[in-house]
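J.: how would this look folded up:
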Amino acid sequence: MRVALIDYGAGNLRSAARALAEAGGNPVVTSSADGLAGVDFIVVPGVGAFAPAMRRLTAAGLAGPLVDAAHRGVPLVGICLGMQVLFERSEEGEPTPGLSLLRGTVRRLPASVKVPHMGWNALEPRPGDPLFAGLAARPYVYFVHSYIATPDDPGIVVAQTEYGVRFASVVRQGRIWGLQFHPEKSSRTGAAILRNLLALIASGRELV
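T.: This is a model prediction of the structure:
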């Protein structure tokens, strides 16, 4: 499975590429829209801030083609900041539109907790979801973030996590996925989730 790993200066590409390869993918790092041609799957990684990330995606000529690819049905997953830019807007920094593939707003974690939320925390998955097949009921994964996505439609939330507030740690709408945690830093659990994800995409199974 050929995976386009988007390079827009906002992610640990080496770790992500290695994790995807170990999960059975064939990651190809690309910083241009040309690299999206003929791929089976697109991954948008990300660390940093929302507005600069969107400026870099736009300047690289990637924002529009990513939206077009998702609308054509090419499976797409955003990781951490890459999940957040899938939404319409963020409270972080100056007002900047996101890719608007998912409806909702990215908001800061509550003032009652230490930010960034950094370290291991539990996912609370939707019961029976195949993304978490073979895992514990509350698998632990690794987070580094200060903002959280709040989808307009709670039905797209596949897993939640508690950190001062219950937030969406995994979302899915059709063939668009968002993972707020870093699977490439989440040891065996992250590797299993990536394997399950690639298997679901390869199967062509339609999920709701």
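J.: wait, Pro125 sits on Ala168?
T.: No. With contact defined as Cβ atoms under 8 Å, Pro125 does not reach Ala168; the gap is 11.8 Å. (Glycine included, C-beta is placed from N, CA and C.)
J.: okay, and the common contacts of the two?
T.: Ala159 (Cβ atoms under 8 Å, 6 or more residues apart in numbering).
J.: in the chain, where's the longest helix?
T.: helix 187-203 (DSSP state H).
J.: for it, packing partners?
T.: Packing partners of helix 187-203 (3 or more Cβ pairs under 8 Å, 6 or more residues apart in numbering; DSSP states H and E): helix 13-22, strand 140-145.
J.: contacts for it, please.
T.: For helix 187-203, the external contacting residues (Cβ under 8 Å, 6+ apart) are 1, 19-20, 22-25, 40-41, 75, 77, 130-135, 139-142, 175, 177, 179, 181-184, 186, 207.
J.: that one - what's its average pLDDT?
T.: Mean pLDDT, helix 187-203: 96.
J.: got the buried residues for that helix?
T.: 189-190, 192-201 (16 or more other Cβ atoms under 10 Å).
J.: for the chain, what spans make up the helices?
T.: 13-22, 50-59, 63-71, 81-84, 187-203.
J.: Pro108 bridge partners, please.
T.: I think there's a mix-up here, since residue 108 is Arg and not Pro. Tyr147 (DSSP bridges).
J.: direction included, what does the longest strand that the chain contains pair up with?
T.: When the chain is parsed with DSSP state E, its longest strand is strand 166-173. Strand 166-173 pairs in its sheet with strand 157-162 (antiparallel), strand 176-179 (antiparallel), by DSSP bridges.
J.: nothing else from me, thank you.
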